[in-house]
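Asks: return atomic coordinates for the entry below.
(one chain, ligands or ions: 2)
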Amino acid sequence: MRYVSTRGSAPELGFRDVLLAGLARDGGLYVPAEWPTLTANEIRSLRGLSYPELAVRLLTPFVEGEIEAETFSRIVHEAYATFRHDAVCPIVQTGANEYVLELFHGPTLAFKDVAMQLLARLMDHVLAERGQRATIAGATSGDTGGAAIEAFGGRDRTDIFILFPHNRVSPVQQRQMTASTASNVHAIAVEGNFDDCQDIVKGMFNNHAFRDRVQLAGVNSINWARIMAQIVYYFSSALSVGAPDRPVSFTVPTGNFGDIFAGYAAKRMGLPIEKLVIATNDNDILARTLATGTYETRGVIETTSPSMDIQVSSNFERLLFEAAGRNADTVIRYMQSLKQSGQFTIAADELERIRAEFSAGRSSMDETAATIRSVLDASGYLADPHTATAIKVAREQAKSDAPMIVLSTAHPAKFPAAVEQAADVSPALPHWLGNLMERDEKFTVLPSDPKMVEDHIGRLTRATQV
Ligand SMILES: Cc1ncc(COP(=O)(O)O)c(C=O)c1O
Ligand SMILES: N[C@@H](CCOP(=O)(O)O)C(=O)O
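Replies: Ligands and ions are numbered 1, 2, ... in the order given. Got it, this is the predicted structure:
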């Protein structure tokens, strides 16, 4: 499998280089040169496989020829052995035709673990094979950072720097980033919002001298391997409610568009998905874009679902590339307009293609709180605010007989204040997280200044190339 950039001028790469590249050198995002596809019979034959077996079968075409089959299988099995549920990503029925797909049984209680546990092991393997080190830089609104620090902490081929918005993540999310004692972990609280953090990280990738000097690698969903790993749970959950013999729909709480893009990839691979529903909180740029055709940034609003407090949704670029018939010039034009004026308008035929696959809705903070309460009352299920955002939107959008699978992206105990306020229930952290909230914190506060962040990383990384 080769990978191409959405902006057309970066070199085509194989899987190992894409894994280490993060952002393409032309500023674009890598996507597979073609989508591997499965027939309905091939999908049927996947029934009954364990989650790691399914992952190996579905992901092999993306890594074939680059990671040896036995090694890949071992790495996948090791990655999912870290999960605390035998099914890895189980589903729970919460309504007549509604299912919640629980993605939070990994080490940091968020869906990010599903990809990050695999990504860290794959990166380690490739770096060891090449005798290289890497500096990892990542931006987080709360969950990617903790998952990355947990997955990469203590690995001797990487130094990891995570930028999070100062005072804008939940206390549990913050501790998961700041309580690590691993010497290769560096948490940075940026005086800004998530979009500022993401801008700084993308700026580092576009500064080729810095990028090459520190051997920069990325763990955000700009990295194709993140999206790749997330494809698997669309198949596992759809298979368990009757796919491929009946179509299913998914509602996904969405911020950076990585998770739902993995659903789109699953559909391109042959999974019969009727609708992919984008659920947003008050930061509803994607819902507005689907309604009006204009992608227009506004200020970030702080909400009770902070991981989705995002305006610039990185992976939407991957969808634009597909909707424009893989025309990189169109993507470049849109991205230039976004940079210059904070907006772009999608051509009518492209918008029509997007609307054929996706719909969107939003949930205000009050609506999300009311949903947490009503779901608990009706079915005894305690949803976190991100999941509740999606349940609210799913219920508005479920218009056909297709089962609706709602992605539950975080454990309620990551956001106890919002859950308690909504439902008078205080969700406890699982016992195996032990004394997380009592551990000492270590992090550096920096202004939202790209140069200062680069200097900080340049000083501390051990991956410097001269
Ligand atoms: C709990 C939670 N839900 C939803 C999202 C949104 O996912 P994505 O950015 O892939 O759209 C995030 C952050 O990415 C998250 O941490
Ligand atoms: N919500 C995310 C934001 C970063 O998303 P990513 O999927 O691109 O890493 C977070 O929790 O950090």
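Asks: the helix or strand harbouring residue 205 vs ligand 1: in contact?
Replies: Assigned by DSSP states H and E, residue 205 falls within helix 194-206. No: with Cβ under 6 Å from any ligand atom as the threshold, helix 194-206 lies outside contact range of ligand 1, at a closest distance of 9.0 Å. (Each C-beta comes from the backbone N, C-alpha and C, glycine too.)
Asks: quick one: name the residues of the stretch 301-450 of the chain near ligand 2.
Replies: Selection of the stretch 301-450 of the chain residues close to ligand 2 by Cβ under 6 Å from any ligand atom yields 307, 314.
Asks: where exactly do the strands run in the stretch 301-450 of the chain?
Replies: Counting by DSSP state E, counting those that start in this stretch, one finds strands in the stretch 301-450 of the chain at the ranges 343-345, 358-362, 404-408, 444-447.
Asks: who are the packing partners of the third one?
Replies: In other words, strand 404-408. strand 98-102, strand 248-253, helix 385-397 (3 or more Cβ pairs under 8 Å, 6 or more residues apart in numbering; DSSP states H and E).
Asks: what about residue 443, how many residues nearby?
Replies: Using other Cβ atoms under 10 Å, residue 443 has 18 other residues around it.
Asks: how close does it get to residue 145?
Replies: As defined by Cβ to Cβ, to the nearest Å, residue 443 lies at a distance of 10 Å from residue 145.
Asks: overlap of the contact sets of the two?
Replies: Overlap of the contact sets of residue 443 and residue 145 (by Cβ atoms under 8 Å, 6 or more residues apart in numbering) consists of 177, 187.
Asks: what about residue 382, how many neighbours?
Replies: That count, for residue 382 with other Cβ under 10 Å as the rule, works out to 18.
Asks: confirm for me that it is in contact with residue 423.
Replies: Yes: using Cβ atoms under 8 Å, residue 382 is in contact with residue 423, at 7.0 Å.
Asks: next, show the common contact partners of the two.
Replies: Taking Cβ under 8 Å, 6+ apart as the contact rule, residue 382 and residue 423 both touch 372, 376.
Asks: and the stretch 301-450 of the chain, which residues reach ligand 1?
Replies: Going by Cβ under 6 Å from any ligand atom, the residues of the stretch 301-450 of the chain near ligand 1 are 307, 308, 386, 409, 410.
Asks: and those, which are buried?
Replies: Among those, those classed as buried by 16 or more other Cβ atoms under 10 Å are 307, 308, 386, 409, 410.
Asks: biggest separation within those residues, which pair?
Replies: Maximum pairwise distance among these (Cβ to Cβ): 10.3 Å, between 308 and 410.
Asks: which residues are in contact with each of those two?
Replies: Here residue 308 and residue 410 share the contacting residues residue 386, scored by Cβ under 8 Å, 6+ apart.
Asks: residue contacts, residue 273?
Replies: Residues touching residue 273, when contacts are defined by Cβ under 8 Å, 6+ apart, comprise 234, 238, 247, 248, 249, 250, 263, 266, 267.
Asks: repeat that for residue 328.
Replies: The neighbours of residue 328, taking Cβ under 8 Å, 6+ apart as the test, are 5, 6, 7, 8, 9, 28, 321.
Asks: in helices only, show me the residues you listed.
Replies: Counted as lying in helices by DSSP state H, out of the contacts of residue 328, are residue 321.
Asks: can you name the two of the contacts of residue 328 that are farthest apart?
Replies: 9 and 321 (13.4 Å).
Asks: for stretch 430-445, list the C-alpha coordinates in CSV.
Replies: Presented in CSV, the C-alpha positions along stretch 430-445 are these (Å, rounded to 0.1, in the frame of the first residue of the first chain):
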residue,chain,number,x,y,z
PRO,A,430,-11.8,2.4,38.3
HIS,A,431,-9.7,1.0,41.2
TRP,A,432,-6.8,0.2,39.0
LEU,A,433,-6.2,3.9,38.4
GLY,A,434,-5.3,3.8,42.1
ASN,A,435,-4.1,7.1,43.5
LEU,A,436,-4.0,9.0,40.2
MET,A,437,-5.4,12.2,41.7
GLU,A,438,-3.0,12.2,44.6
ARG,A,439,0.2,11.9,42.5
ASP,A,440,2.6,14.8,42.1
GLU,A,441,2.2,16.8,38.9
LYS,A,442,5.1,17.9,36.6
PHE,A,443,4.4,20.3,33.7
THR,A,444,5.7,23.5,32.2
VAL,A,445,3.5,26.5,31.4
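Asks: pull out the buried residues from it.
Replies: Buried residues in stretch 430-445, counted by 16+ other Cβ under 10 Å: 433, 443.
Asks: now do that stretch: distance to the chain's middle.
Replies: Its chain's C-alpha centre and that of stretch 430-445 lie 23 Å apart, by Cα atoms, centre = their mean, to the nearest Å.
Asks: stretch 426-442 now?
Replies: Using Cα atoms, centre = their mean, the distance between the centre of stretch 426-442 and that of its chain works out at 24 Å.
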